[in-house]
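J.: Predicted structure and sequence below. I'll ask about it afterward.
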Amino acid sequence: MLKKYLYFPLSAGVFGALVTILYSFAYESAWKIEGEQLESLREAIPVWHLILAPTLACFVAAAGYFTLKNYLPKSGPFLFYFFFSSVSIFTSFAIFTVYGLHEEVQYIVAGYSMPMHFFPFLSWVTFKSLFFQD
């Protein structure tokens, strides 16, 4: 049983990280971000953040979900989904606080990073149904 609670957020987090990395490479390729622009972007948003953030988010989400579900069996899941989606939305606006980017990159960085904030939520919800049927 403990394996189930460990494998679920790990697999969701790894999937979210994989999607995040693939999205970043696709976006960089589509907008032809290279050279100084890519260095500026990597300095603001390092690759290891793109790997670590979704994984940690899924572990924190799993702990929060099962805690809320244990203490509030009826309203806990709704509160969790509401909170997790709200956090994803509000953190996506944090990109507007990143300064010091290369001039050409600062105009496209919102499209680069905003969708990434939703990948942990989407992968968590997707993998939850694989491990835990409600």
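T.: Looks like it arrived, so ask away. Not measured: the values here are computed from a predicted model. Numbers count the residues shown, from 1 in each chain.

J.: Is the residue sitting furthest away from the middle of the chain in a helix, a strand, or coil?
T.: Here the centre of the chain is the reference, and by CA atoms, centre = their mean the most remote residue is residue 74, at 26.7 Å. Assigned with DSSP: H, G, I helix; E, B strand; the rest coil, residue 74 falls in the coil class.

J.: following the helix or strand that contains residue 67, which helix or strand comes up?
T.: Assigned by DSSP states H and E, residue 67 falls within helix 47-71. Per DSSP H and E, the first helix or strand lying C-terminal to helix 47-71 is helix 76-92.

J.: what angle do that following helix and helix 47-71 make?
T.: 160 degrees (axes from the mean of the first three to the mean of the last three CA atoms, to 10 degrees).

J.: In helix 76-92, which residues are buried?
T.: 76, 80-81, 84, 87-88, 91-92 (16 or more other CB atoms under 10 Å). Quick note: C-beta positions are derived from backbone N, CA and C, even for glycine.

J.: and which of the residues you listed is nearest residue 25?
T.: For the buried residues of helix 76-92, the minimum distance to residue 25 (CB to CB) is 19.8 Å, reached by residue 92.

J.: Nearest spatial neighbour of the closest one, chain-adjacent residues omitted?
T.: Using CB to CB, 6 or more residues apart in numbering and skipping the chain neighbours, the partner closest in space to residue 92 is residue 117 (3.9 Å).
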